[in-house]
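>>> Generate coordinates for the sequence data below:
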Amino acid sequence: MIPDKAFFVNPKMVIGNAFHLDKNESNHATRVLRLNPGDEICLLDGFGMGYHAVIDIVGDKVSGTLKREYLEYGENPCSIILASALIKRDRFELLLEKATELGVTEIQPMIMERCVKRTLNIERCQKIVISSAKQCRRSRFPLLKEPLDLDTFLTHRNGKIICGHMNSEKTLSQLNLVSDDHITVLIGPEGDFTENEMEKMKDVGVLFFNLGERRLRAETAALNTLSVLNELLN
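Coordinates of the predicted model:
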């Protein structure tokens, strides 16, 4: 069984059956967790590979030996992209953390007409995604992209786009999605989509669904959707 304590390992630092952790991960292993030679750990390379490893040497750079590798460790069989409108920082960061735990492969921040917040600290957000991926032991870290406006997003669309909207007559289960679909989940801002945005989405065949009669916050709607899709598609 793969160990609980997980660390990021740069794929370039895996050579044969040996590994080396960078300075930050080494510091966390030795000074925070107080690990020693002989301790077993989980390694995640962020590109789909997980490892069961044992530490041989501690110090400024921790190194050791790989015991077993796991392809796509902790990953869902389906590919889900979350395209979420920008919301207040603390709530968007919560969404990043939980969406990572729920298995999204890509996170596309969206700048919608009713967004109050229109910028994003990508570096800070990437750290949150990586930390969350390590905590839940995902071997493939979600790709976090720069914010896009709706027009650009729809122009470069790929696969099925499904969008949460209270006035939709269909639920997620009625969209007849399958795990082989390349699915993008589009979630609007607190003020919802404008009529102009709705028309643009309808024109390119976006599928709409509802999550019930309760009015949900944007991050709640996104996480609810991802949870249901995990049940339907996995």
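>>> C-alpha only now, for contacts and for neighbours.
OK.
>>> Okay, helices next: where are they in this protein?
Here the chain has its helices, by DSSP state H, at 23-27, 89-101, 122-136, 150-155, 195-203, 218-233.
>>> surely S63 meets L43?
No. Taking contacts as CA atoms under 8 Å, S63 lies outside contact range of L43: 11.5 Å.
>>> and the two? which has more neighbours close in?
Set side by side, S63 and L43 show more neighbours around L43, with 30 against 22, by other CA atoms under 10 Å.
>>> Show me how the chain divides into domains.
The chain breaks down into these domains under automatic domain parsing: 6-71, 79-233.
>>> Quick one: end-to-end distance for the last one.
The first residue of domain 79-233 is 10 Å away from its last residue (CA to CA, to the nearest Å).
>>> For N158, give its distance to T30.
Separation of N158 from T30 (CA to CA): 44 Å.
>>> Same question for I87.
Using CA to CA, we find I87 at a distance of 37 Å from T30.
>>> Which one of the two is surrounded by more residues?
Between I87 and T30, I87 has the larger neighbour count (other CA under 10 Å), namely 25 against 16.
>>> Contact partners for the residue nearest the centre of the chain?
The centre of the chain sits closest to T100, judged by CA atoms, centre = their mean, with a distance of 3.2 Å. By CA atoms under 8 Å, 6 or more residues apart in numbering, T100 lies in contact with V129, S132, A133, F141, P142.
>>> what sits against the residue nearest to G205 when sequence neighbours are not counted?
Leaving out its chain neighbours, the residue that sits closest to G205 by CA to CA, 6 or more residues apart in numbering is I161, at 8.0 Å. Contacts of I161 were listed using CA under 8 Å, 6+ apart, and they are I183, T184, V185, L186, G205, V206, L207.
>>> Reformat the residues you listed as a markdown table; add pLDDT, neighbour count and distance to L233.
Below are those laid out as a markdown table (pLDDT from 0 to 100; neighbours: other CA atoms under 10 Å; distance: CA to CA, whole Å):
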| residue | pLDDT | neighbour count | distance to L233 |
| --- | --- | --- | --- |
| I183 | 94 | 20 | 11 |
| T184 | 96 | 25 | 13 |
| V185 | 97 | 24 | 14 |
| L186 | 97 | 23 | 17 |
| G205 | 94 | 11 | 21 |
| V206 | 96 | 18 | 19 |
| L207 | 96 | 19 | 17 |
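>>> Spell out the residue ranges of the strands in the protein.
Under the criterion DSSP state E, the chain carries strands at the ranges 6-8, 14-15, 18-20, 40-44, 49-57, 63-71, 79-85, 106-111, 143-144, 148-149, 160-164, 182-187, 207-209.
>>> Looking at these, which is nearest to L229?
Nearest to L229 among these is strand 79-85; the distance by CA to CA comes to 8.8 Å.
>>> Which neighbouring elements make contact with that closest one?
In terms of contacts (3 or more CA pairs under 8 Å, 6 or more residues apart in numbering; DSSP states H and E), strand 79-85 is packed against strand 106-111, strand 182-187.
>>> what residues are up against the spatially closest residue to D149 that is not a sequence neighbour?
Excluding the flanking residues, the one nearest D149 by CA to CA, 6+ apart is I111, at 4.9 Å. Shown in contact with I111 (CA under 8 Å, 6+ apart): A85, L86, R118, P147, L148, D149, L150.
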